[in-house]
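A.B. asks: Quick one, structure for this:
(chains A and B)
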Number of protein chains: 2
Amino acid sequence: VGRKALAVNLSDLAAMAARPVAALISLALPREGAESLARELYEGLLPLAERYDVAIAGGDTNSWDGRLVISVTVLGELAEHGPWRRGGGQPGDRVLVTGQFGGSILGRHFDFEPRVDEALQLASRYEIHAAIDVSDGLSLDLSRLAAESGCGAQLRLDAIPISADAHALAAESNDGRTALDHALSDGEDFELILTAEPGEAQRIVAEQPLGIPIADIGELVPDAGLWSIDASGARTPLAPRGFEH
Amino acid sequence: VGRKALAVNLSDLAAMAARPVAALISLALPREGAESLARELYEGLLPLAERYDVAIAGGDTNSWDGRLVISVTVLGELAEHGPWRRGGGQPGDRVLVTGQFGGSILGRHFDFEPRVDEALQLASRYEIHAAIDVSDGLSLDLSRLAAESGCGAQLRLDAIPISADAHALAAESNDGRTALDHALSDGEDFELILTAEPGEAQRIVAEQPLGIPIADIGELVPDAGLWSIDASGARTPLAPRGFEH
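C.D. replies: Okay, here's the model as predicted:
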């Protein structure tokens, strides 16, 4: 849990192509067992902080007659090319994603690697128009990026990278949700959605510059909304699904 | 409460003669009435942020099935002469304090003015060796400053500025505590304790450069401990008292 509390913040910085610098950790610890709980949280948190050279620079530690509360803020520096934003996408942009989606509840939501290094690499080599990290669900977070960009988006469902966990969840449960459903809506994948001009996107996919796969799953379109599109070009409306705060 | 959560952080910056720049506000709000509670907290907080030109730059806002948790971190910039620290005091330094002490529970602990402007003024005009703000009690916080400086401290009790609230508390309760007891141990005064060489201290007290009084209440001494000292120079040990975390 300590690791995750920091990692989700690092993922937010990755989504803006910012370099993490310092973290502020605030803990409200249940009075009973406060010290050992604090120790355990930091045992999860510190190796990740070290891995990304993030100084624990403040926050607050208190105990109280209540349940555990953790609040983490990470401060970062912008890479040369300024922050990526959700709203920078343009109609015609290709939609790219890192990694694979769905089924993070089986464990990946705790031990995922925030895409900090990948974002800084991409920002230094390519022109990215817009970005967001997938915390609430691929389809929901893509629809947010598209809306902020004043666009819609259409997805080639057969191009979406589906994780083994999504297949495992679909196989073991009887709720009728397919592996693709899980990939589109589970959330907490903490992968990146990026948009770029078609030529630039093609170059990225061809060069595969990251240690993890990056795939083209669709494009931004001028009209608001979300669709799936098949090989013939026929569009079907797609409801954005995921975790609503 | 919202105002206080920010003000205590501004007081911490004042104690280092730092200029506040930005605040990170993290709230865990009880789900029921979360929005109106958030509004009220910010109604207390925002005027103070505006008064000190502090940007609300982040943090997190969540609701949950638990009680209210507030965590505030304020980021600041150092004034020219670097930060004041608790450990910069030297034997022979005079001990100065801003304002008056005791009885803050009658209301001042909510509406006190953090000594941000006063600290920056003092830092720009005088050489201050060490500083701390009084959050836990005048005698306790002074003993902390002295210990960090590798010193002890002796106080002239008749020189301690006692607030009207301390007198009121002493008069209305039957617990035998005098107004001076309240001044020495109540805490949440959020005034500054400062040390400086005798000549510099004399100049500060003579010039009274602040809109609030600044008084000489004693000196740092080479031997560890806390004492009161009378007009004849006789020393009596004084137990540091206040709020222990």
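A.B. asks: Show me the shaky parts of chain A.
C.D. replies: A:245 (pLDDT under 70).
A.B. asks: all helices for chain A, in order.
C.D. replies: Assigned helices in chain A, in chain order: A:2-14, A:34-51, A:108-111, A:116-125, A:138-148, A:164-172, A:179-185, A:198-207 (criterion: DSSP state H).
A.B. asks: Just send those back as TSV, with mean neighbour count and distance to B:Cys151 too.
C.D. replies: C-beta here means a position set from N, CA and C on the backbone, and glycine is covered the same way. Listed next are these as TSV, based on neighbours: other Cβ atoms under 10 Å in any protein chain shown; distance: least, Cβ to Cβ, whole Å:
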stretch	mean neighbour count	distance to B:Cys151
helix A:2-14	23	39
helix A:34-51	15	31
helix A:108-111	16	49
helix A:116-125	20	46
helix A:138-148	23	57
helix A:164-172	17	61
helix A:179-185	22	63
helix A:198-207	15	62
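A.B. asks: Out of the ones you listed, flag the one nearest chain B.
C.D. replies: helix A:2-14 (9.3 Å; Cβ to the nearest Cβ).
A.B. asks: anything in the closest one sitting right up against chain B?
C.D. replies: No. Using Cβ under 8 Å from any Cβ of the partner chain, helix A:2-14 never reaches chain B; the gap is at least 9.3 Å.
A.B. asks: I'd like to know which elements that helix is packed against.
C.D. replies: If you count contacts as 3 or more Cβ pairs under 8 Å, 6 or more residues apart in numbering or on different chains; DSSP states H and E, helix A:2-14 packs onto strand A:18-30, helix A:34-51, strand A:69-78, helix A:108-111, helix A:116-125, strand A:130-133.
A.B. asks: That helix to strand A:18-30, inter-axis angle?
C.D. replies: Interaxial angle, helix A:2-14 versus strand A:18-30 (axes from the mean of the first three to the mean of the last three Cα atoms, to 10 degrees): 150 degrees.
A.B. asks: relative to helix A:116-125, how tilted is helix A:2-14?
C.D. replies: Interaxial angle, helix A:2-14 versus helix A:116-125 (the same axes, to 10 degrees): 10 degrees.
A.B. asks: just to revisit the earlier point, what would the helices and strands packed on helix A:2-14 look like in CSV with distance to A:Gly92?
C.D. replies: Output for those, formatted as CSV (distance: least, Cβ to Cβ, whole Å):
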stretch, distance to A:Gly92
strand A:18-30, 27
helix A:34-51, 37
strand A:69-78, 26
helix A:108-111, 33
helix A:116-125, 19
strand A:130-133, 13
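A.B. asks: Turn these into JSON lines, columns for distance to chain B.
C.D. replies: Formatted as JSON lines, the helices and strands packed on helix A:2-14 follow (distance: least, Cβ to the nearest Cβ, whole Å):
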{"stretch": "strand A:18-30", "distance to chain B": "4"}
{"stretch": "helix A:34-51", "distance to chain B": "12"}
{"stretch": "strand A:69-78", "distance to chain B": "4"}
{"stretch": "helix A:108-111", "distance to chain B": "17"}
{"stretch": "helix A:116-125", "distance to chain B": "18"}
{"stretch": "strand A:130-133", "distance to chain B": "16"}
